[in-house]
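Q: fold the stuff below for me.
(chains A, B and C)
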Amino acid sequence: MYSGINISQTDARPMYLQIMEQIRARIAAGDWAAGKELPSIRALASALNVSVITIKRAYLDLENEGVIVTRHGKGSFVADVNGLAGELKDAQLEQHLAEAAGIGRQLGLSEDELAARLRRAWKNNDK
Amino acid sequence: MTSNHIEMRGVRKTYRFFTLDDLSLDLAPGEVMGFVGPNGAGKSTTLRLALGLISPDAGEIRVMGHAMPDGQAAAKRDIGYVSGDMRLLPHATLGWHMDFVKSIYPEWDGGYAATLIKRFNLRTEQNARSLSLGEHVKATLLLALARRPRLLILDEPTTGLDPVARHEVISEFMDVLRDDRRSILFSSHNTVDVERISDRITFIDRGRVVDSSNKEDFLERWRRIHVQLPPGATLPTLPNIVGRVDDGQFITLTTNQFSDGLMALIGSHARDVQRMNLEEIFVANVMHHREARGQ
Amino acid sequence: MNIVMRKLIAKELYVNRWFIAGGSAAGVASALIATLGKTGFNVGSLTWLTTIIATGVMIALYGIMNERKENSLQFVLSLPLSIADYVHAKLLGLLACFGIMWLLSSAAALLLVFLKADIPDGIAPYTVLLCVFMLANFVVVLCGALHALSEAMTSAIIIVTNMGVSVFMFTVAPMPGINKHMWAAAPVWNSTFWTVFACEIAVMAIAFALPFIFAARRRDFL
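A: Modelled structure (predicted):
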């Protein structure tokens, strides 16, 4: 269940963010279905060889985002919100598009040039 | 039991060329504390004080509820101690040591010990003399872990180990944390490991505690800010700047209390903000404190 | 005595088992050799003395200094005992190791004095004094080693006390109360004998008690 989650200390992003992203990705993909129980904080800490405090922080932030729900004394569960996976994916897309727009401006591309690049990527992705 | 596993208040220990002074430290059940400091800072001395092997000249020490060093016989029932330079009795086998420890501690878990033998790739017939450094650390860790002690005190447990052995050893003591009534205090140079597995971190330098906080807090508070000041421009007085390096127009500031307010003061001159890893935080912290003490 | 101390004493016996076995065998053998005529007596007595001294030195050196050197002291001190427990267990354990060898060697010597016709029984008191001296000597060495602050000090203590064997022999053997009856047919247990005996016991008792007062009270053990 959690052996697939990997924390890299050479990655620029802090450990708690890496954990959050990997959990979000699994939820977005549907691998972790709505209502599924997350590993306990201590179990995940032990499995990943990461401090309890880091896992706690990740779970807390995920809960604030509404991605998971923690029931006191029972554990944490993937939030049972309809279309949560879709929402997450949507947020991911927005983020990528914003980055693309930013880089496009830095390169001095026009709006049409950027749109053309997007169409090309769409076509390439189909293969 | 909700009381702390370790409580040290104002502890002082004087040696001829070194003094450990005004040391205070708390470790709660369920916590991992990383104890970081340069060589000779006083890490081993502190851990030995916790075990009652040394007696303080001043201050109070309570471990597992017992006053130390007088209560050490009782406290050590529940403490597992592993030190990087600890060795087993030379002419006895690992199996003999396991039987020896088992006869003293009724809580010995034979099943877990057998699992660890396999996991650590050790053999009970191995003579203590023939063990390599890595095998020695794993053997002493096995003898400590199989008793399932509530408190683990580890003095540089991974120093000198190859990466595979290090991973095995760390995985095993992270397993301890599944139980929130157990805690770990470990000293290390290896800031990468400390950064990864500690809940709280205490920095020690030249016999004094330099800083102690929870790990995420350290990682969020410390930043390097790269600033570019065009000629004629100046920076306002900035709070919480513990380091500053000027290189022409380019200034690198180190802060230990990063905030949006600070960034607002720096304004548009800021080029870039970098997080710092534990090693960088540690070095900056120690340098800052040495300067402050006029060293 | 708690279980940790008992286990440590057992450990001492186990760790030094070859010294105990070897020393005992050599001591008994030397006593036997001493029964083979005049030359045998000289050779046997000498090897008997040497064996007991040497084994005592090995046990004291190995038992105390090596633990410190080999860093296994940390392992022992991590066990649930106090520093006093450790010192007591060490003292009793090493005494037991030497004691077994000493008992066998001394018993062999005395037995042969009484059983062998060509060895006059008159030498028995002197033999007893010599045996007890060897034991007292070892206890003094132990006491010194437990309090010594360095390896050099320990070595010095060992050297000095073993020179004491010669001193003992040159002092006690010529004593009139002893010398006159050494080659007699029957042992004479006179006041000279008892005085020397009492002194030896007193020295042993003091040397045994000192660690309980000083070393065991030590607050810093590493």
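Q: chain A - how does it break down into domains?
A: A:15-78, A:84-125 (automatic domain parsing).
Q: so for the first one, mean pLDDT?
A: On average, the pLDDT along domain A:15-78 is 91.
Q: briefly note if it comes near chain B.
A: Yes: counting by Cβ under 8 Å from any Cβ of the partner chain, chain B has neighbours in domain A:15-78: A:15-16, A:42-43, A:45-46, A:49-54, A:57. All C-beta atoms are positioned from the backbone trio N, CA, C, and that covers glycine.
Q: may I see the ChimeraX selection of the buried members of the residues you listed?
A: A single ChimeraX command suffices to select whichever of those are buried according to 16 or more other Cβ atoms under 10 Å in any protein chain shown:
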select /A:15,16,42,43,45,46,49,50,51,52,53,54,57
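Q: stretch C:117-124: end-to-end distance?
A: 13 Å (Cα to Cα, to the nearest Å).
Q: please apply the same query to stretch B:214-233.
A: Stretch B:214-233: ends 38 Å apart by Cα to Cα.
Q: strands - which of the residues of domain A:15-78 next to chain B land there?
A: If you go by DSSP state E, the residues of domain A:15-78 next to chain B have nothing in strands.
Q: could I get the residues of domain A:15-78 next to chain B as a markdown table with distance to chain C?
A: Output for these, formatted as a markdown table (distance: Cβ to the nearest Cβ, whole Å):
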| residue | distance to chain C |
| --- | --- |
| A:Met15 | 33 |
| A:Tyr16 | 35 |
| A:Arg42 | 26 |
| A:Ala43 | 29 |
| A:Ala45 | 27 |
| A:Ser46 | 25 |
| A:Asn49 | 25 |
| A:Val50 | 28 |
| A:Ser51 | 26 |
| A:Val52 | 26 |
| A:Ile53 | 28 |
| A:Thr54 | 30 |
| A:Arg57 | 34 |
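Q: write out the residues of chain B neighbouring chain A.
A: So chain B meets chain A at B:30-32, B:167, B:170-171, B:174-175, B:177-180, B:192, B:195-200, B:214-216, B:219, B:275, B:277 (Cβ under 8 Å from any Cβ).
Q: for chain C, which residue gets nearest to chain B?
A: Of all residues in chain C, C:Arg219 sits closest to chain B, at 3.6 Å by Cβ to the nearest Cβ.
Q: would you map the helices across chain A?
A: A:15-29, A:41-48, A:52-65, A:84-107, A:111-125 (DSSP state H).
Q: are any of the residues of chain B next to chain A buried, and if so which?
A: B:30-32, B:170, B:174, B:177, B:195-200, B:214-216, B:219, B:277.
Q: who in chain C is up against chain A?
A: Counting by Cβ under 8 Å from any Cβ, no residue of chain C is near chain A.
Q: below-threshold pLDDT in chain C: ranges please.
A: C:1, C:68-70, C:221-222 (pLDDT under 70).
Q: go again with 80.
A: C:1, C:61, C:64-71, C:117-119, C:148-151, C:154, C:158, C:161-162, C:217-222 (pLDDT under 80).
Q: residue in it nearest to chain A?
A: Nearest to chain A in chain C, going by Cβ to the nearest Cβ, is C:Ser78, at a distance of 24.5 Å.
Q: one step back: quick one: closest of the helices of chain A to B:Leu161.
A: Within the helices of chain A, the stretch nearest B:Leu161 is helix A:41-48; the backing value is 20.0 Å (Cβ to Cβ).
Q: so what touches the closest one?
A: A:2-3, A:5, A:7, A:19, A:38-39, A:50-52, A:54-56, A:59, A:76, B:174-175, B:177-180 (Cβ atoms under 8 Å, 6 or more residues apart in numbering or on different chains).
Q: tell me how far it lies from the chain's centre.
A: Relative to the centre of its chain, helix A:41-48 is centred 19 Å away, using Cα atoms, centre = their mean, to the nearest Å.
Q: now do it against helix A:15-29: the angle between them, please.
A: Calculated by axes from the mean of the first three to the mean of the last three Cα atoms, to 10 degrees, helix A:41-48 forms an angle of 100 degrees with helix A:15-29.
Q: now helix A:41-48 - C-alpha only, PDB.
A: Taking Å, rounded to 0.1, in the frame of the first residue of the first chain, the C-alpha atoms of helix A:41-48 are listed here in PDB:
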ATOM      1  CA  ILE A  41       0.500   8.300  10.700                       C
ATOM      2  CA  ARG A  42       2.900   6.100  12.700                       C
ATOM      3  CA  ALA A  43       2.600   3.200  10.300                       C
ATOM      4  CA  LEU A  44       3.400   5.400   7.300                       C
ATOM      5  CA  ALA A  45       6.200   7.100   9.200                       C
ATOM      6  CA  SER A  46       7.700   3.700  10.000                       C
ATOM      7  CA  ALA A  47       7.300   2.400   6.500                       C
ATOM      8  CA  LEU A  48       8.900   5.400   4.800                       C
END
